[in-house]
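1. model the structure of this input:
(one chain, ligands or ions: 1)
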Amino acid sequence: MKFYNDILGLIGRTPLVRINHITKKHGIKATVLAKMESLNPGYSVKDRIGESMVDWAEKEGVLKKGGTIIEATSGNTGIGLALVAAVRGYKSVFVLTDKVSVEKMRYLKGLGADIVVCPAAAKHGTPEHYVSTAKRISEETPNSFYPDQYNHPANPLAHYRTTGPEIWEDTEGKITHFVAGVGTGGTISGTGRYLKEMNPKIRIIGADPYGSIFKTYKESGQVPEATPYLVEGIGQSLPVGNADMKTIDEIINITDRESFELARELARREGIFCGGSTGTNFAGALKVAKDLDEDAVVVFIVCDTGEHYLTKFVSDEWMKEKRLLEPQRITAGLIAETKHSGAPNTIISVGPDETVSEALNKMSENGVTQIPVLDGHASVGSIRESHVLALLLKDREMINSKVREVMDASFPIVEMDESIDKIKHKLTKSPAVLIEDFKRITGIITRSDVLDLTS
Ligand SMILES: Cc1ncc(COP(=O)(O)O)c(C=O)c1O
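-> The predicted structure follows:
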């Protein structure tokens with residue numbers, strides 16, 4: 001019979017997949033390969049260290065039967081450790097920050113772990129920081145193991161023993177550049193050390209979010225003040241033991257926008273559904289590859305799966321909220337849908353047989369300066385405050401006239417999938433546009449809605 005003894009048997013031996021369309025679009029001649037760590041049983045690169053750190057603790061007698069594993073994690077190491085805990089009968093507690101996606105939190109709970117959430121804004125070294133909190137809980141819990149992935153040698157060692165050799169063998173020693181993010185530094189330091197031992201010419205490149213310290217730290221030895229960024233799992237505000245700066249040749253800074261756009265593009269163009277830190281790595285790989293010839297082989301890490309971020313950068317709404325959405329994805333429908341933070345976009349309108357006075361009341365009640373005139377579901381005109389007030393100055397009695405007698409032309413009408421660029425153009429000539437869906441006017445977009453989005 002062919003089977004694995006348990007799920008941990010599936011960790012590692014992940015394949016390399018060539019990137020085709022996106023590299024072609026950028027005119028890249030080098031071979032760019034994705035190391036598919038998202039195909040591990042916990043869907044991330046961290047399964048490897050979950051297993052290796054627990055193996056170490058068992059061998060050293062640190063973790064005994066019925067013990068508890070406690071770790072500070074951005075989620076994936078927790079998932080890797082929780083898999084081992086489930087299979088080997090340990091309890092587990094993971095301390096995360098409130099930046100971690102709800103998907104990863106629920107995943108951990110689903111694997112039977114307990115979670116503690118700390119503020120991401122807490123400074124390193126303060127009691128509220130997630131690392132201090134994990135340490136404290138482990139000190140207070142008898143028969144517990146606190147792996148400390150940031151400093152534990154079994155973290156880079158797992159990559160030295162498995163990830164590095166796999167890449168070397170699968171590329172038949174042809175790899176020329178390796179690109180990975182730096183969270184704990186385990187992946188890049190362990191894999192990089194192995195690859196450099198096999199061929200010292202291989203370039204080891206760190207992809208780091210703007211706001212993290214690693215680039216400045218590598219280049220100057222100084223630790224700058226870290227600033228917030230949105231990509232999860234990589235970058236730090238202080239140097240960490242497992243990030244071996246001697247193994248890393250170069251660090252490239254990548255913006256949140258580049259990371260998320262490329263992670264989304266990897267899914268759409270190559271079918272590789274990955275997390276944001278993979279986008280960071282891929283951005284680094286593209287920057288490196290653009291100057292290389294066809295003999296170069298660039299390998300980057302696909303750290304985890306997009307399923308961990310369904311409510312985050314995978315969603316257009318989240319991207320729009322963070323002002324990161326690619327302009328071609330911002331459509332009339334999306335603007336209307338998210339205009340009132342998810343509340344239904346009920347359109348305020350007047351009928352052609354209502355009076356000017358009723359129309360003005362509606363406008364002032366709702367704080368708007370223009371209003372569409374709808375006859376049933378069709379738009380037949382518009383009332384614009386400035387025009388009506390000018391008419392009233394001439395003839396006060398107009399206040400009792402019917403809307404149809406004083407109204408202006410209808411606002412232009414767009415379909416749900418109209419792009420923001422076309423909408424903007426229409427808004428240079430009209431103060432608002434109306435959205436039509438299945439022959440019904442369902443929404444209105446004003447100049448300030450678009451300014452809100454793009455400012
Ligand atoms: C999503 C994600 N990507 C990348 C990394 C970085 O890997 P490493 O800690 O080996 O540097 C992590 C680590 O937590 C992660 O969670």
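2. contacts for stretch 103-114 next, please.
-> Here stretch 103-114 makes contact (Cβ atoms under 8 Å, 6 or more residues apart in numbering) with 74-76, 78-79, 82-83, 85-86, 91-94, 96, 115, 117, 307-311. Where you see a C-beta, it was placed from the backbone N, CA and C, and this is true even at glycine.
3. so where does the residue of the stretch 351-455 of the chain found nearest the ligand fall, helix or strand?
-> Residue of the stretch 351-455 of the chain nearest the ligand, by Cβ to the nearest ligand atom: residue 453 (28.5 Å). According to DSSP states H and E, residue 453 maps onto helix 447-454.
4. residue 379 now?
-> strand 378-384.
5. show the subsequent helix or strand relative to that strand.
-> Counting by DSSP H and E, what follows strand 378-384 is helix 385-394.
6. what angle do that next one and strand 378-384 make?
-> Orientation of helix 385-394 against strand 378-384 (axes from the mean of the first three to the mean of the last three Cα atoms, to 10 degrees) gives an angle of 60 degrees.
7. residues touching the spatially closest residue to residue 116 that is not a sequence neighbour, list them.
-> Distances taken as Cβ to Cβ, 6 or more residues apart in numbering place residue 95 nearest to residue 116, at 4.6 Å, with adjacent residues excluded. Residue 95 is in contact with 70-73, 115-118, 130-131, 133-134, 137, counting by Cβ under 8 Å, 6+ apart.
8. quickly find the element holding residue 95.
-> Counting by DSSP H and E, residue 95 is found in strand 91-97.
9. buried ones in stretch 225-245?
-> Within stretch 225-245, the residues that count as buried by 16 or more other Cβ atoms under 10 Å are 226, 229-237, 240-245.
10. figure out how far that stretch is from the centre of its chain.
-> 16 Å (Cα atoms, centre = their mean, to the nearest Å).
11. need the distance between the two termini of it.
-> Using Cα to Cα, to the nearest Å, the end-to-end distance of stretch 225-245 comes to 19 Å.
12. I'd like the average pLDDT over it.
-> Per-residue pLDDT values over stretch 225-245 give a mean of 95.
13. on that earlier part again, near the residue of the stretch 351-455 of the chain closest to the ligand, how many other residues are there?
-> By other Cβ atoms under 10 Å, 20 other residues sit near residue 453.
14. these two touch, right, it and residue 330?
-> Yes: between residue 453 and residue 330 a contact is recorded at 6.7 Å, counting by Cβ atoms under 8 Å.
15. what sits in contact with each of these two?
-> Both residue 453 and residue 330 are contacted by 320, 420, under the criterion Cβ under 8 Å, 6+ apart.
16. if we can go back for a sec, roughly how far is the following helix or strand past the strand holding residue 95 from the heart of the chain?
-> Going down the chain from strand 91-97, the next helix or strand is helix 102-110, by DSSP H and E. Relative to its chain's centre, helix 102-110 lies at 16 Å (Cα atoms, centre = their mean).
17. pairing partners for the helix or strand containing residue 71, with directions?
-> Here residue 71 sits within strand 68-72, counting by DSSP H and E. Paired strands of strand 68-72, with direction, are strand 91-97 (parallel), strand 144-145 (parallel) (DSSP bridges).
18. the helix or strand just after it packs against which elements?
-> Proceeding N to C from strand 68-72, the next assigned helix or strand is helix 76-88, under DSSP H and E. Applying 3 or more Cβ pairs under 8 Å, 6 or more residues apart in numbering; DSSP states H and E, one finds that helix 76-88 contacts helix 47-59, strand 68-72, strand 91-97, helix 102-110.
19. which of these is buried the deepest?
-> strand 68-72 (a mean of 26; mean count of other Cβ atoms under 10 Å).
20. re the thing from before, buried among the contacts of residue 95? Need that as a selection in PyMOL.
-> In PyMOL, this line selects whichever of the contacts of residue 95 come out buried by 16+ other Cβ under 10 Å:
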select buried, resi 70+71+72+73+115+118+130+131+133+134+137
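21. near the ligand, which residues of the stretch 201-350 of the chain are found?
-> Applying Cβ under 6 Å from any ligand atom, one finds that the stretch 201-350 of the chain approaches the ligand through 232, 233, 234, 275, 277, 303, 304.
22. next one: the stretch 51-200 of the chain
-> Within reach of the ligand by Cβ under 6 Å from any ligand atom, the stretch 51-200 of the chain has these residues: 74, 76, 77, 181, 182, 183, 184, 185, 186, 187, 188.
23. show me these that map onto helices.
-> Members of those lying in helices (criterion: DSSP state H): 76, 77, 186, 187, 188.
24. if I look at residue 244, how far off is residue 186?
-> To residue 186, residue 244 is 10 Å away according to Cβ to Cβ, to the nearest Å.
25. thinking again about what came up before, adding mean pLDDT, write the helices and strands packed on helix 76-88 out as TSV.
-> TSV is the format used below for these (pLDDT from 0 to 100):
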stretch	mean pLDDT
helix 47-59	98
strand 68-72	97
strand 91-97	96
helix 102-110	95
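26. I'd like those as CSV, with distance to residue 291 appended.
-> Shown next, in CSV, are these (distance: least, Cβ to Cβ, whole Å):
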stretch, distance to residue 291
helix 47-59, 31
strand 68-72, 38
strand 91-97, 37
helix 102-110, 36
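27. looking at these, which is closest to residue 416?
-> Closest to residue 416 of the helices and strands packed on helix 76-88, according to Cβ to Cβ: helix 102-110, at 28.0 Å.
28. any stretches of the protein with poor pLDDT?
-> For the chain, the stretches with pLDDT under 70 are 340-345, 454-455.
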